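A.B. asks: starting from these lines, generate the structure:
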Amino acid sequence: MRVLLLGGTTEGRELMGLLVLAGTDVVESVAGRTAQARTSGADRVGGFGGVEGLSSYLRANNIDAVVDATHPFAATMTAHAARACTATGTPLVRLSRPSWAERSDAGGWTWVPDHRATAAAVAESGASERGRVLLTVGRQPLDAYRTLPHVLARVAEVPDGWLDRPGWELRVQRGPFDLDSELTMLRTERISALVSKDSGGRAAAAKLDAAARLGIAVFMVARPAPPRGIDEVATTAAVVEWLKARRPA
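C.D. replies: Residues are numbered from 1 along each chain as shown. Here you go, the predicted model:
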């Protein structure tokens, strides 16, 4: 059985280890948008060329199953995988880490559908006038927040073509961060609002725990809905069981 693993996440790396340990013939592919991804040691780095390109790859490489372990916000790749697998008759499973909507404090957050709507909601709340807004949405959506006046944007890498903006600080740091360091940062930087996207899982949740303890407003960008009709599981162990059930006798 030959498996294509669409990775680039913590869960993807964990799953790759489990599959290799089990003796599975697996090809790991990552998008390669960050320097860390480009040096990850994956078998493939870069896109496939859309749905047609991925469909051709599945056929040419005799792929028996596809595991989509990409980020919850990698909606384009997930959609392409669903369409390509349907076109080629290839079984597909989506590994989706649990949403932060399951947290007990999530009901007190402001949930917003996209980044521009989130920026508008933060501006309307007046949070950017009472202190600084902490952006933890990654580097690509930062332009959507350019109208906010007092911002600390935490990113893993400097965005291409970045120009400093008055009232903004770009802080290049790669997590995970623990609760104590997040509490210290929120206090020291006078953070009045935290903006994040619903990446889910525990690796990046310390900022939410810290915000809850300090009573800081949270604005959360909801994750995109997955394509209809595909299998979806929440753990790497569930993926392994899913693959076992589809292994040829």
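A.B. asks: for Leu135, see how far away Thr78 is.
C.D. replies: Going from Thr78 to Leu135 by CB to CB, to the nearest Å gives 24 Å. Backbone N, C-alpha and C define where each C-beta goes, glycine included.
A.B. asks: who has more neighbours, those two?
C.D. replies: A side-by-side neighbour count of Thr78 and Leu135, using other CB atoms under 10 Å, places Leu135 first with 29 against 23.
A.B. asks: could you break the protein into its assigned domains?
C.D. replies: Each domain of the chain is listed here as a residue range: 2-96+226-246, 100-221, per automatic domain parsing.
A.B. asks: export those domains to a markdown table and append columns for mean pLDDT.
C.D. replies: What follows is these, written out as a markdown table (pLDDT from 0 to 100):
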| stretch | mean pLDDT |
| --- | --- |
| domain 2-96+226-246 | 90 |
| domain 100-221 | 95 |
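A.B. asks: helices along the protein, start to end?
C.D. replies: In the chain, the helices defined using DSSP state H lie at 10-21, 35-38, 50-60, 75-88, 115-125, 127-130, 179-188, 206-214, 236-246.
A.B. asks: list the contacts of the spatially most central residue of the chain.
C.D. replies: Geometric centre of the chain, nearest residue: His71, 3.5 Å, by CA atoms, centre = their mean. For His71, the contacting residues are Gly8, Thr9, Ser199, by CB atoms under 8 Å, 6 or more residues apart in numbering.
A.B. asks: from those, which land in strands?
C.D. replies: Counting by DSSP state E, those place none of their members in strands.
A.B. asks: return the distance of the residue nearest to the centre of the chain relative to Asp64.
C.D. replies: On the measure of CB to CB, His71 and Asp64 end up 24 Å apart.
A.B. asks: for Gly89, same thing?
C.D. replies: Gly89 is 11 Å from Asp64, by CB to CB.
A.B. asks: repeat that for Ala222.
C.D. replies: Ala222 sits 34 Å away from Asp64, going by CB to CB.
A.B. asks: ok, back up a step: which of the contacts of His71 ranks first by neighbour count?
C.D. replies: Gly8 (25 neighbours).
A.B. asks: run through the bridge partners of the closest residue to it other than its chain neighbours.
C.D. replies: Nearest non-adjacent residue to Gly8, counting by CB to CB, 6 or more residues apart in numbering: Val30, 4.1 Å away. Here Val30 sits in beta bridges with Val45, going by DSSP bridges.
A.B. asks: Val30 touches Gly7, doesn't it?
C.D. replies: Yes. In this structure Val30 lies within contact range of Gly7 using CB atoms under 8 Å: 5.3 Å.
A.B. asks: give me the common contacts of these two.
C.D. replies: Joint contacts of Val30 and Gly7 (CB under 8 Å, 6+ apart) are Ala42.
A.B. asks: of these two, which one has the most company?
C.D. replies: Between Val30 and Gly7, counted using other CB under 10 Å, the more crowded position is Gly7 (28 against 25).
A.B. asks: check the gap between that one and Ala84 for me.
C.D. replies: Distance from Gly7 to Ala84, by CB to CB: 16 Å.
A.B. asks: over to Ala74?
C.D. replies: 14 Å.
A.B. asks: these two: which has the busier surroundings?
C.D. replies: Just comparing Ala74 and Ala84: by other CB under 10 Å the higher neighbour count belongs to Ala84, 25 against 19.
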